[in-house]
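>>> using only what follows, build the 3D model:
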Amino acid sequence: MAELAAELGPILTRLDGVQAECDRIRAEAAAEADRRRRLAAERARQLVADGRRAAEAERALRRLQHLDPADRERVVHLTKALMNKFLHEPTLELRAAAGNGTDRELAQAVRRLFRLAQSSLESKEPDRS
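Here you go, the predicted structure:
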């Protein structure tokens, strides 16, 4: 029996190492999937915000028919610059929150404040298996 234990000892040690490496790879894959999901959700929010911005700019430009094309482009540029400035700090805060685990609460607050529907991307829990 002692001989069998001596033979199996190194094999079991290697199997423990393999299991630890599998666990590490699984954790890295889950973190990467979560990161990609968050990036996709952020990009979706940006697209929604830009769509709303573009619609408002178009509405304003219909009332500003007298502007020449260069001035119309300046108005569009202004709307983009303002949107970027308004969203910059909140976006940084959401990214920081994603790193410390408070992003769910912030995401709920953002949805309430801006009356955004919860997307299917945001509602999925990361796969931790």
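
>>> go ahead and flag the most central residue of the protein.
Computing the C-alpha centroid of the chain and ranking residues by C-alpha atoms, centre = their mean puts Arg38 first, at 2.2 Å.

>>> give the next helix or strand downstream of the helix or strand containing Arg45.
Assessed by DSSP states H and E, Arg45 sits inside helix 2-63. The first helix or strand that comes after helix 2-63 along the chain, using DSSP H and E, is helix 69-100.

>>> what about this structure, any weak spots by pLDDT?
Counting by pLDDT under 70, the chain contains low-confidence ranges at 1-2, 4-5, 12, 101, 103, 116-129.

>>> re earlier: check which helices and strands the helix holding Arg45 sits against.
Counting contacts by 3 or more C-beta pairs under 8 Å, 6 or more residues apart in numbering; DSSP states H and E, helix 2-63 packs against helix 69-100, helix 120-123. All C-beta atoms are positioned from the backbone trio N, CA, C, and that covers glycine.

>>> rewinding a little: what about the closest residue to the residue nearest to the centre of the chain other than its chain neighbours, neighbour count?
Nearest non-adjacent residue to Arg38, counting by C-beta to C-beta, 6 or more residues apart in numbering: Ala98, 5.6 Å away. A count of neighbours around Ala98, defined by other C-beta atoms under 10 Å, yields 19.

>>> next, count neighbours for Ala30.
Using other C-beta under 10 Å, Ala30 has 14 neighbouring residues.

>>> and the closest residue to Thr91 other than its chain neighbours, how many neighbours?
Take Thr91 and drop its neighbours on the chain: the residue closest to it by C-beta to C-beta, 6+ apart is Glu42, 7.3 Å away. The number of residues packed near Glu42 is 16, by other C-beta under 10 Å.
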